[in-house]
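Participant: Coordinates only, no sequence provided:
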């Protein structure tokens, strides 16, 4: 193999490794602080690199934020796709448990739902991820409902699961185990209603 080709491949692997370090650092910082309070300098400090280096990989904070979100969301989509074959209760439990365990993803998701002002490619990438999740749910509901109805059922289920997370995430006066148990129980009740 040509030395120049090997050198180019090595540089590309190093570039991808640095990008992964930056994304992982961003996920950790976003888990601790609200998006609007996170700076590129915070992420750089967490990653152990200069803040200028981040701009070689990401045009701005939002581009980094979306990349971190999409990576975590991709893990969730894979689990949901597997859970669909086991039934709607499994989908509910998988969705809720993943977002309970990955609070940074939940925080990022709620930021996009409530405060996000993305445009262009970033918005398209985010919408594509959400469509993939809703398509997966719609396929499940499509077995029992007409195509148009299955899409609405997918939207309703998605909204219901997010409602459980938002409503009970910080349930006052409860230990974490109680909160998790309560949310999972609500998810099961909701899933049974959707199943019916």
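Facilitator: Yes, it's here. Treat the numbers as computed from the prediction; the structure is a model and nothing was measured. Numbers count the residues shown, from 1 in each chain.

Participant: make it CA atoms for all contacts and neighbour counts henceforth
Facilitator: Noted.

Participant: residues touching residue 132, list them.
Facilitator: Residue 132 is in contact with residue 77, counting by Cα atoms under 8 Å, 6 or more residues apart in numbering.

Participant: That one and residue 194, how far apart?
Facilitator: Distance of residue 132 to residue 194, computed by Cα to Cα, to the nearest Å: 20 Å.

Participant: quick one: what helix or strand has residue 59 in it?
Facilitator: Remark: residue 59 resides in no helix or strand, with elements defined by DSSP states H and E.

Participant: Tell me how many other residues surround it.
Facilitator: Using other Cα atoms under 10 Å as the criterion, residue 59 is surrounded by 10 other residues.

Participant: Next up, the contacts around it.
Facilitator: Contacts of residue 59 (Cα under 8 Å, 6+ apart): none.

Participant: Please apply the same query to the one 3 residues further on.
Facilitator: For residue 62, the contact set (Cα under 8 Å, 6+ apart) comprises residue 118.

Participant: tell me the SS of it?
Facilitator: Put simply, residue 62 is helix when judged by DSSP: H, G, I helix; E, B strand; the rest coil.

Participant: What separation do you get for it and residue 6?
Facilitator: Taken as Cα to Cα, the span from residue 62 to residue 6 is 33 Å.

Participant: Also residue 175?
Facilitator: 54 Å.

Participant: Kindly report the same for residue 88.
Facilitator: In terms of Cα to Cα, residue 88 sits 49 Å off from residue 6.

Participant: Over to residue 168?
Facilitator: As for residue 168, its distance to residue 6 is 53 Å (criterion: Cα to Cα).

Participant: who's more crowded, the two?
Facilitator: The neighbour comparison of residue 168 against residue 6 (other Cα under 10 Å) goes to residue 168, with 14 against 11.

Participant: Do I have it right that that one meets residue 179?
Facilitator: Yes: proximity of residue 168 to residue 179 meets the contact threshold set by Cα atoms under 8 Å, at 6.9 Å.
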